[in-house]
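K.L.:
Pasted the sequence and its predicted model underneath.
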Amino acid sequence: MDKLQVALLIVSLCFLPLIIWMFVAGIRVKTRFAKYSTVMSAKGYTGAQAARAILDANGLNDVQIVRCAGSLTDHYDPTTRTVALSQTTHDSSSVAAIGVAAHEVGHAIQHEDDYLPVKIRTKLVPVVNFTSKLSMPLILIAMVFELMGYFSEFSMNVSTFFLGLAVLCYFCYCLFTFITLPTEYNASSRAKKQLVECGILDESEMADASKVLSAAAKTYLVNFVFSLMQMLRLLLIVLVRRNGRRR
């Protein structure tokens with residue numbers, strides 16, 4: 001085995017612990033949200049009321065708050081300037097709901113402040129939407145030509161070409177997940193600051209809300225690491241093939 005093949009083997013072996021990490025991170029968000037959904041805030045703000053108070057305190061009176069279906073489907077839409085809160089967040093007075101609502105308002109404040117990572121992420125959205133639809137078909141086409149490659153070197157070259165295009169698609173997604181990290185962590189930081197400054201949560205309640213936000217942030221981290229490893233794996237496959245043909 002040469003160095004490239006060893007590197008490919010190591011990267012491939014990393015996927016099982018990564019999948020386990022991703023599963024655990026997802027479960028932790030749900031369990032922490034469920035746990036702190038039973039802890040009611042002393043001042044009785046609902047998620048929607050907390051979001052409105054923070055928006056108004058930052059001069060964002062034109063940003064609307066709407067309900068959205070599902071649980072933990074909360075998000076901020078910069079195109080319509082709306083903070084969408086799920087039913088479990090919108091009407092709940094728990095510290096978990098307030099923390100999540102404040103986090104989404106944090107994105108609205110980022111948008112108003114022209115926060116650079118948000119601007120980059122917004123521009124990447126249409127690119128990622130397009131390339132994400134291409135990555136799997138490209139890999140499948142590469143696999144077909146790889147099977148044909150046992151009978152033709154040309155087919156093997158075509159397979160490598162399509163894998164190279166898949167690498168580019170994964171690079172776009174990897175860049176998107178990378179720029180999402182500062183966006184999400186900064187939104188949580190802004191949320192914590194606003195909850196204190198607006199007097200919505202006290203110190204002990206902030207500690208509980210922070211645990212929910214921290215668990216959610218880790219899902220974005222594991223998503224970035226997984227996309228990075230997937231891109232590296234495809235890239236190494238392409239490099240191993242090119243290296244093999246040169247011999």
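P.N.:
Yep, that arrived.
K.L.:
hey, where'd the helices end up in the chain?
P.N.:
Secondary structure of the chain (DSSP state H): helices at 3-13, 15-36, 47-57, 87-90, 95-112, 116-148, 153-197, 203-246.
K.L.:
ranking these by burial, who's on top?
P.N.:
helix 95-112 (a mean of 26; mean count of other C-beta atoms under 10 Å). Any C-beta I mention is one placed from the backbone N, CA and C, and that applies to glycine too.
K.L.:
Let me have the helices of the chain in a markdown table, extended by distance to Pro78 and mean pLDDT.
P.N.:
Output for those, formatted as a markdown table (distance: least, C-beta to C-beta, whole Å; pLDDT from 0 to 100):
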| stretch | distance to Pro78 | mean pLDDT |
| --- | --- | --- |
| helix 3-13 | 35 | 90 |
| helix 15-36 | 23 | 95 |
| helix 47-57 | 14 | 97 |
| helix 87-90 | 19 | 93 |
| helix 95-112 | 5 | 97 |
| helix 116-148 | 6 | 89 |
| helix 153-197 | 12 | 91 |
| helix 203-246 | 18 | 89 |
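K.L.:
Would you mind giving the ones you listed as CSV with distance to Thr80 added?
P.N.:
Shown next, in CSV, are the helices of the chain (distance: least, C-beta to C-beta, whole Å):
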stretch, distance to Thr80
helix 3-13, 41
helix 15-36, 25
helix 47-57, 14
helix 87-90, 17
helix 95-112, 11
helix 116-148, 13
helix 153-197, 18
helix 203-246, 23
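K.L.:
Of all these, which one is nearest Leu72?
P.N.:
Checking the helices of the chain against Leu72 by C-beta to C-beta gives helix 15-36 as the closest, at 6.5 Å.
K.L.:
who are the neighbours in contact with the nearest residue to Val127 once chain neighbours are set aside?
P.N.:
Closest residue to Val127 apart from its sequence neighbours, by C-beta to C-beta, 6 or more residues apart in numbering: Cys172 at 5.5 Å. Shown in contact with Cys172 (C-beta atoms under 8 Å, 6 or more residues apart in numbering): 124, 127-128, 131.
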